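need coordinates for the below:
(chains A and B)
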Amino acid sequence: MYLTNEQEAILRGEEGWARKKCLEIIVGLGEIYGADRLIPVASTQISGVSYKTLGEYGLQWVESLSPSRVAVPSTLNPAGMDLSLWSEMGVPEEFAYKQMRVIRAYEKLGIITLCSCTPYLAGMAPRFGEHVAWAESSAVCFVNSYLGARTNREGGPSALASAITGLTAYYGLHLEENRKSTVEVEVSASLVGLSDYSALGYCLGKMLPQDIPYLKGVSNFGVEEAKALSASAAASGNMALYHVEGFTPEAEKSNSYGLERHRVDDKDLKGAYEELSTLRSGRIDLVALGCPHTSLTELRAAAALLKGRKVSPTTKLWFFTSLPVKVLAERLGVVREIEGAGGKVYTDCCMIVAPLERMGFSSMAVNSAKAAVYAPTASKVDVVFTTFEKCITIALEGRLT
Amino acid sequence: MRVIKCRKISSGRAEGLSLFSPAPISFFGTIDPETSVVIEKNHPLYGEKIAGKILIYPTGRGSTVGSYVLYGLSRRGLAPEAIIMRDAEPIVAVGAIMSDIPLVDKPESFDFRSGLHTVVDADRREIILT
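Here you go, the predicted structure:
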């Protein structure tokens, strides 16, 4: 691998231990993937933030990098709790203490403690063709596909190493030739609400875990739809890039002539809803919306549905979003409307990385296939995967009927 | 004495007794992070301790949390002295670099067994069996 004089000097330790270690990680990964050089990244997004996933030794690693500072703008994945309202959420105090240690350790490195899986809805949107090193799998799939930025699926430690060095190895999806479609998928299923896009993503990831699909037949594909599809495709497969005819920026260049053909129809979508629901009826403890973090549009839609109604006293209705989106929703009166109906809007965290299993929940309703994939193992809760509207109805009635 | 050429992933030099696994290892799941014992039932190394060994196995698998598990083992003094893989993967590579554990892969021949005195010299890209 070609390294510049400056990079060689960092590897000799001339800029300190932390930068040396971090560059070794980047070079080591480059060796494995056969990269011929390193390239600068414009931003990073780092996973391994909830104490539940990072653990004590992960925390010690992050702490050990101080007093080094990040070289490029960097943000974090969701933490295990709302950093302000954790007590109200019912998060155990000793967990909160450890979680705050994690946040402080990242903050000391100069990282922006925006804890969100959708930083692209909060001012961190890479431009077309820009090289970045992001770790959150749904955001990786979104920025590659919808924005045309370029990132591999980084792990927490490698994204952090890119943050400290400002570099990544030049391989995988950073290379033009690796971004072309590998299969064509005709989507004949009718896509109504966001959960349908989530179900579609789940089907794609499961059917084509290693592919870059070229989707035909999708007639509406905005930010929210892309967010939902990206998250579930990345959760059920290793999908990091897809193209949608007529919508995504690299679709035209990456056409599907001569590719193997697949199809997703209404039956496939229905199958996804059924397969991912471990509950068929009964009481629901928690209705959790915001995987990935909700946009302002979604919060407004919820407020409209909740108008003049009350969430059941036996159920909690929680929305998860990023801090900037909540601030705006507060200004617009949307948070007041949701809270007036008995719902809550939490920031910085989500239903997967919060310690739900220690907070007394055993059943949950979601409109996200990704949340439904992870919840039973990550949080040991039973789950029903259904539409946004149905989730709100469950919250009002307190049960799934 | 046998010298086997290989590729360096994480630098350093270490020696010890080899512990060979014909099956893949996932640091998250296969290994008990408190004791370094292989706890995955039906694994060929079930019950063995990897601490202080030259650990040799074909490939890795599993969650990216595995990097932190290997780092945790090393903080507790329970990490292998060095690792030899047929094909390294990112999770173990990152964990080994974080923990200053020499890691090499792609040896000229992947023909090993347990209990041999083994030297891994990553910087010279050599494995020496005596």
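
please name the nearest non-neighbouring residue to the closest residue to chain B within the stretch 201-350 of chain A.
Relative to chain B, the nearest point of the stretch 201-350 of chain A is residue A:238 (12.0 Å; CB to the nearest CB). Every C-beta, even on glycine, is put in place using the N, C-alpha and C of the backbone. Distances taken as CB to CB, 6 or more residues apart in numbering or on different chains place residue A:209 nearest to residue A:238, at 5.5 Å, with adjacent residues excluded.

what helix or strand is the one you found located in?
Element membership for residue A:209 (DSSP states H and E) is empty, with no helix or strand holding it.

hang on, it packs against residue A:237?
Yes. Counting by CB atoms under 8 Å, residue A:237 is a contact partner of residue A:209 at 3.4 Å.

of those two, who's got more company?
residue A:237 (22 against 12; other CB atoms under 10 Å in any protein chain shown).

the helix or strand hosting residue B:73 close to chain A?
Assigned by DSSP H and E, residue B:73 belongs to helix B:66-75. Yes. Using CB under 8 Å from any CB of the partner chain, helix B:66-75 comes into contact with chain A via B:67-69, B:71-72, B:75.

what are the phi and psi values at the closest residue to chain B within the stretch 151-300 of chain A?
Nearest residue of the stretch 151-300 of chain A to chain B: residue A:155, at 3.9 Å (CB to the nearest CB). Residue A:155 adopts backbone torsions of phi -90, psi 170, taken as degrees, to the nearest 10.

residue contacts, it?
Applying CB atoms under 8 Å, 6 or more residues apart in numbering or on different chains, we find residue A:155 in contact with A:47-48, A:135, B:64, B:67, B:90-91, B:94.

do that again at 10 Å, thanks
When contacts are counted by CB atoms under 10 Å, 6 or more residues apart in numbering or on different chains, residue A:155 is found next to A:25, A:29, A:46-48, A:135, A:161, B:63-68, B:90-91, B:94-95.

repeat for residue A:67
Going by CB under 10 Å, 6+ apart, the list of residues near residue A:67 reads A:16, A:18, A:108-110.

could you pull out the helices in chain B for me?
B:66-75, B:90-98 (DSSP state H).

which of these is buried the deepest?
A comparison of the helices of chain B by mean neighbour count, using mean count of other CB atoms under 10 Å in any protein chain shown, puts helix B:90-98 on top with a mean of 28.

quick check: angle from it to helix B:66-75?
Interaxial angle, helix B:90-98 versus helix B:66-75 (axes from the mean of the first three to the mean of the last three CA atoms, to 10 degrees): 30 degrees.

which helices and strands sit right next to helix B:90-98?
helix A:17-33, helix A:51-64, helix A:156-165, strand B:7-10, helix B:66-75, strand B:82-85, strand B:103-105 (3 or more CB pairs under 10 Å, 6 or more residues apart in numbering or on different chains; DSSP states H and E).

nearest to residue A:193, out of the ones you listed?
With CB to CB as the measure, helix A:51-64 is the member of the helices and strands packed on helix B:90-98 nearest residue A:193 (29.5 Å).

could you say what helices and strands the closest one packs with?
Using 3+ CB pairs under 10 Å, 6+ apart, helix A:51-64 sits against helix A:17-33, helix A:93-108, helix A:156-165, helix B:66-75, helix B:90-98.

now do the shortest one: distance to the chain's middle.
Taking the mean C-alpha point of helix B:90-98 and that of its whole chain, the gap between them comes to 11 Å (CA atoms, centre = their mean, to the nearest Å).

just the CA coordinates of the helix or strand bottoming out on mean pLDDT in chain B, formatted as CSV?
The weakest-scoring helix or strand in chain B, judged by mean pLDDT, DSSP states H and E, is helix B:66-75 (a mean of 92). Provided in CSV are the C-alpha atoms of helix B:66-75 (Å, rounded to 0.1, in the frame of the first residue of the first chain):
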residue,chain,number,x,y,z
GLY,B,66,-15.9,-8.9,18.9
SER,B,67,-13.1,-6.3,18.5
TYR,B,68,-13.9,-5.0,22.0
VAL,B,69,-14.1,-8.5,23.4
LEU,B,70,-10.5,-9.2,22.2
TYR,B,71,-9.5,-5.8,23.6
GLY,B,72,-11.1,-6.6,27.0
LEU,B,73,-9.3,-10.0,27.1
SER,B,74,-6.0,-8.2,26.6
ARG,B,75,-6.8,-5.6,29.3
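
coming back round to it: wouldn't the residue nearest to residue A:238 be in contact with residue A:233 here?
Yes. Taking CB atoms under 10 Å as the definition, residue A:209 is a contact partner of residue A:233 at 9.4 Å.
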